[in-house]
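Chemist: Need coordinates for the below:
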Amino acid sequence: MHTPHRTFFRAILGDGRPLLLLTALALVFAGGGALFLACTGDFLPHDIAFLGMQPSALCALNECRIAHFMIHDRASFGAVLISIGTLYAWVALFPLKEGEAWAWWLVVVSFISGFGSFLSYLGYGYLDTWHGWSTLLLVPVALGSVVMTRRLCSSKLTLEPGWSPSEWFSREGIGRAIWLTSSLGLVGAGATIMVIGMTEVFVTSDLAFIGYNREELMSINPRLIPLIAHDRAGFGGGVLTTGLILLGVIWKSRPSTHVWQAVVTATAAGFSVGVGVHYPIGYVDTLHLLPAWLGAAGFVIGALLSKKMYFQD
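Modeler: Here you go, the predicted structure:
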């Protein structure tokens with residue numbers, strides 16, 4: 001059908017979901033970049049300029065443990081960005097396309113959490129200029145997706161789950177309950193990490209691994225702790241946002257194969273790196289890793305128990 005009044009830009013932007021997909025791709029790309037830098041052990045140029053030190057100078061101290069600690073935070077943050085991007089792509093391709101109001105509100109809430117966590121830099125005083133510019137460029141795209149997709153919401157927003165409450169006590173329902181519990185754990189863990197990043201920065205096991213106390217780190221470089229705090233707070237905000245999205249997806253989505261696949265893909269990306277990065281660098285404190293292992297186990301067990309429910313269509 002000929003549409004003479006349809007504009008070129010309207011054709012590209014469509015119903016707004018392409019903007020959300022672009023946001024998802026940008027997050028996955030940024031996460032991949034963070035993982036690449038973590039694997040190479042390099043810092044970004046503005047990090048080096050802020051510190052006034054090369055990574056090699058940090059790596060020369062105490063078996064490179066300061067640099068390794070920073071690498072483990074940045075690798076984990078990169079994996080979290082990939083998880084969030086994966087979930088946003090699923091939301092754009094499925095529930096938003098189907099006019100689900102809860103999916104639109106989930107995007108709004110998670111945008112507030114994710115982009116809002118950038119302001120946590122106020123707690124430690126280091127403004128990452130690259131992070132700041134990338135966020136500034138992505139905000140209009142994200143806001144555009146929110147504005148344009150609002151008209152897709154053809155259903156009424158309710159708090160009821162997208163599945164029958166009678167399923168709670170089935171094998172599959174227990175698996176979904178474990179997923180929900182693990183998602184709540186991510187929300188709590190993310191909030192805790194973000195607050196610690198803005199205040200204390202380190203927990204006891206962190207300093208034990210690094211081999212220096214706060215005063216000694218300050219004597220090495222007074223800008224080192226603010227840079228580490230930036231990484232910690234950003235990672236915490238990402239974990240919090242991931243948990244919020246997973247809660248909404250698991251609670252409201254109707255059982256379907258693509259839901260299970262999206263949840264498994266996103267959590268596998270996050271936990272495989274978040275847990276796995278500790279072993280090459282030797283940060284294997286049991287109490288430090290226990291919450292991550294419990295969270296990973298929760299999502300694995302939940303996936304196995306609930307799979308039949310999600311694949312029944």
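
Chemist: Residues contacting the helix or strand where Leu25 lies, please?
Modeler: Leu25 is part of helix 17-40, with elements assigned from DSSP states H and E. With contact meaning Cβ atoms under 8 Å, 6 or more residues apart in numbering, helix 17-40 is reached by 12-13, 43-44, 71-72, 74-75, 77-86, 88-89, 91-93, 96-97, 107, 134, 138, 141-142, 144-145, 148-149, 152, 273, 277. (C-beta placed from N, C-alpha, C; glycine too.)

Chemist: Give the buried residues for it.
Modeler: 17-24, 26-28, 30-31, 34-35, 37-38 (16 or more other Cβ atoms under 10 Å).

Chemist: roughly how far is it from the heart of the chain?
Modeler: Centroid separation for helix 17-40 versus its chain: 11 Å, with Cα atoms, centre = their mean, to the nearest Å.

Chemist: And stretch 299-308, by the same measure?
Modeler: For stretch 299-308, the distance to the chain centre is 21 Å (Cα atoms, centre = their mean).

Chemist: do you know how far Ala92 is from Gly144?
Modeler: According to Cβ to Cβ, to the nearest Å, Ala92 stands 13 Å off from Gly144.

Chemist: okay, those two: which has more neighbours?
Modeler: Ala92 (24 against 17; other Cβ atoms under 10 Å).

Chemist: what inclination does whichever strand or helix holds that one have with respect to helix 17-40?
Modeler: Under the criterion of DSSP H and E, Ala92 resides in helix 65-93. On the basis of axes from the mean of the first three to the mean of the last three Cα atoms, to 10 degrees, helix 65-93 is oriented at 160 degrees to helix 17-40.

Chemist: Please state the offset of stretch 15-31 from the chain centre?
Modeler: Using Cα atoms, centre = their mean, the offset of stretch 15-31 from its chain centre is 14 Å.

Chemist: With stretch 276-295 instead?
Modeler: Using Cα atoms, centre = their mean, the offset of stretch 276-295 from its chain centre is 18 Å.

Chemist: Could you list the residues in contact with it?
Modeler: 38, 65, 68-69, 71-72, 75-76, 182, 185-186, 189, 203, 205-206, 208-209, 271, 274-275.

Chemist: ok, 7 Å please
Modeler: Here stretch 276-295 makes contact (Cβ atoms under 7 Å, 6 or more residues apart in numbering) with 68, 71-72, 75-76, 182, 185-186, 189, 205, 209, 271, 274-275.

Chemist: try stretch 212-220
Modeler: 61-62, 207, 224-225.

Chemist: tell me the two of the residues you listed that are most distant?
Modeler: Greatest spatial distance among these (Cβ to Cβ): Asn62 and Ile225, at 15.8 Å.

Chemist: and the helix holding Ala92, what does it pack onto?
Modeler: helix 17-40, helix 55-59, helix 101-116, helix 204-210, helix 224-252, helix 257-276, helix 278-281 (3 or more Cβ pairs under 7 Å, 6 or more residues apart in numbering; DSSP states H and E).

Chemist: so the fifth one versus helix 257-276, what angle?
Modeler: Per the same axes, to 10 degrees, the angle that helix 224-252 makes with helix 257-276 is 150 degrees.

Chemist: Show me what helix 224-252 is packed against.
Modeler: So helix 224-252, by 3+ Cβ pairs under 7 Å, 6+ apart, packs with helix 45-51, helix 65-93, helix 101-116, helix 171-198, helix 214-220, helix 257-276.

Chemist: how big is the angle separating that helix from helix 101-116?
Modeler: Using the same axes, to 10 degrees: helix 224-252 against helix 101-116 is 180 degrees.

Chemist: tally of neighbours for Ser170?
Modeler: Counted with other Cβ under 10 Å, Ser170 comes out at 15.

Chemist: Now it: closest residue in space that isn't a chain neighbour?
Modeler: Met309 (7.7 Å; Cβ to Cβ, 6 or more residues apart in numbering).
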